[in-house]
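Student: Predicted model follows, preceded by the sequence.
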Amino acid sequence: MRSPFLPGSLFYVTGGLSCVCVMVTGAGAGFLLDAWRGLGAGLVVGVGLFLLIVKTTVALCSLQTRETLRRLTQGDPEGEAAAHMVLHAVALYEAAVFPLRPGGVSPDEREVRRLIAYRFAAREGLPQQVRVAAAEALGAVEQSQDARQAQAAVWTLNKAVRDCRPGFIHLHDGQSS
């Protein structure tokens, strides 16, 4: 059974109900202590308590969001994006040199993919380890007659791209590093 509320409106409904519960609890406690004057005082204390809870929750969510964003943006985001771009261009060039179907790629398309891969590999701001691995991969794709050797060089480039990400979890023999 689906709820008739949107997920955002459900959040506001639960927040409103929490506010009402805290206010009624404060008002009830105040009424038990000092009848009608206690009711007003309890209501004020309940609203104050609710606002304090909301402020604390918002502050904690803000801190958590800031920490998450800080972890995501460690390192050089432009360098990481450029590294992924180079990996993609080299992989496309490799696919043009070693197509799955003979004659599946025209010589013009192969030349365009080669030009794009070399231009991306020469881009400024690329991490040095990725630049070196890209040059080796492009050389292997250019000079190799064996598709497996070219794939191994592109895989090395892939590993270099992953290594330039500071927050990436690397697994070696089941152990994370």
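Tutor: Received it, and whenever you're ready, just let me know what you need.
Student: Which parts of the protein are strands?
Tutor: 171-172, 175-176 (DSSP state E).
Student: which one of these has the lowest average pLDDT?
Tutor: Mean pLDDT is lowest for strand 175-176 among the strands of the chain, at a mean of 48.
Student: Residue 82: how many residues sit nearby?
Tutor: 22 (other C-beta atoms under 10 Å). Yep, even glycine has a C-beta here, placed from its N, CA and C like the rest.
Student: That one against residue 119, yeah?
Tutor: No: using C-beta atoms under 8 Å, residue 82 makes no contact with residue 119, being 11.6 Å away.
Student: how about the helices of the chain, start to end?
Tutor: For the chain, helices defined by DSSP state H occupy the ranges 7-72, 77-97, 107-121, 128-143, 147-163.
Student: Relative to the whole chain's centre, how far out is the last one?
Tutor: What that stands for is helix 147-163. 23 Å (C-alpha atoms, centre = their mean, to the nearest Å).
Student: quick one, that helix and helix 77-97 angle?
Tutor: 170 degrees (axes from the mean of the first three to the mean of the last three C-alpha atoms, to 10 degrees).
Student: ditto for the shortest one
Tutor: Compare the direction of helix 107-121 with that of helix 77-97 by the same axes, to 10 degrees and you get 160 degrees.
Student: What helices and strands are in contact with helix 107-121?
Tutor: Helix 107-121 sits against helix 77-97, helix 128-143, with contacts defined as 3 or more C-beta pairs under 8 Å, 6 or more residues apart in numbering; DSSP states H and E.
Student: okay if I get those helices as a markdown table plus mean pLDDT and distance to residue 149?
Tutor: What follows is those, written out as a markdown table (pLDDT from 0 to 100; distance: least, C-beta to C-beta, whole Å):
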| stretch | mean pLDDT | distance to residue 149 |
| --- | --- | --- |
| helix 77-97 | 89 | 11 |
| helix 128-143 | 91 | 6 |
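Student: Adding distance to residue 161, write these out as a markdown table.
Tutor: Compiled in a markdown table, the helices and strands packed on helix 107-121 are given as follows (distance: least, C-beta to C-beta, whole Å):
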| stretch | distance to residue 161 |
| --- | --- |
| helix 77-97 | 4 |
| helix 128-143 | 6 |
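Student: Lowest average pLDDT across the helices of the chain?
Tutor: When I compare these, helix 7-72 is least confident, with a mean of 80.
Student: helices and strands around that helix, which ones?
Tutor: Against helix 7-72 (3+ C-beta pairs under 8 Å, 6+ apart) you get no helix or strand.
Student: i'd like the first residue to be 62 from this point on
Tutor: Sure thing, new numbering starts at 62, so read that last one as helix 68-133.
Student: Just give me how far that helix sits from the chain centre.
Tutor: Averaging C-alpha positions (C-alpha atoms, centre = their mean) puts helix 68-133 32 Å from its chain's average.
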